[in-house]
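**Student:** when you get a sec, could you give me coordinates for this:
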Amino acid sequence: MRVLLRDQSDNTYIVLEAESLYYDEQAQELYVASENYDYTVHRIVKANADSLMRELFETGKVDLTQFEASADK
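**Tutor:** Next up is the predicted model:
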């Protein structure tokens, strides 16, 4: 599953082969885990997260560049 992200620190694009995604409704964050890197997509409402996760499931790819993402430590 390919995920396109935009890093909030320098606006560079990142393409990940995601292993899993998890949405935290209370924090309004989508967590993207890959083999080498994990990212958090910030300020994403549940309806958008649900739609984008379904798109990823159905097509195998999703563009999340409209949201800011940061690398997790």
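**Student:** give me the residues contacting stretch 20-35.
**Tutor:** Here stretch 20-35 makes contact (CB atoms under 8 Å, 6 or more residues apart in numbering) with 3, 5, 16-19, 38-46, 49-50, 52-53, 56, 64, 67, 69, 72. Where C-beta positions appear, they are placed from N, C-alpha and C, glycine not excepted.
**Student:** which among those residues count as buried?
**Tutor:** Buried positions within the contacts of stretch 20-35, assessed by neighbour count (16 or more other CB atoms under 10 Å), are 3, 5, 16, 18, 38-41, 44, 49, 52, 56, 64, 67, 69.
**Student:** which ones among these lie within helices?
**Tutor:** Residues from the buried ones among the contacts of stretch 20-35 lying in helices, with DSSP state H as the criterion: 49, 52, 56.
**Student:** reformat those residues as TSV; add pLDDT and distance to residue 30.
**Tutor:** Converted to TSV, those look like this (pLDDT from 0 to 100; distance: CB to CB, whole Å):
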residue	pLDDT	distance to residue 30
49	97	5
52	97	8
56	97	10
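**Student:** that older thread, okay, and which of the contacts of stretch 20-35 map to strands?
**Tutor:** If you go by DSSP state E, the contacts of stretch 20-35 have 3, 5, 16, 17, 18, 19, 38, 39, 40, 41, 69 in strands.
**Student:** how about the last one, what does it touch?
**Tutor:** If I follow you right, that is residue 69. Per CB under 8 Å, 6+ apart, neighbours of residue 69: 5, 6, 7, 8, 14, 32, 39, 40, 41, 42.
**Student:** run through the bridge partners of it.
**Tutor:** Beta bridges link residue 69 to residue 7, residue 41 when assigned by DSSP bridges.
**Student:** try the first one
**Tutor:** Listed by DSSP bridges, the beta-bridge partners for residue 3 are residue 16, residue 62.
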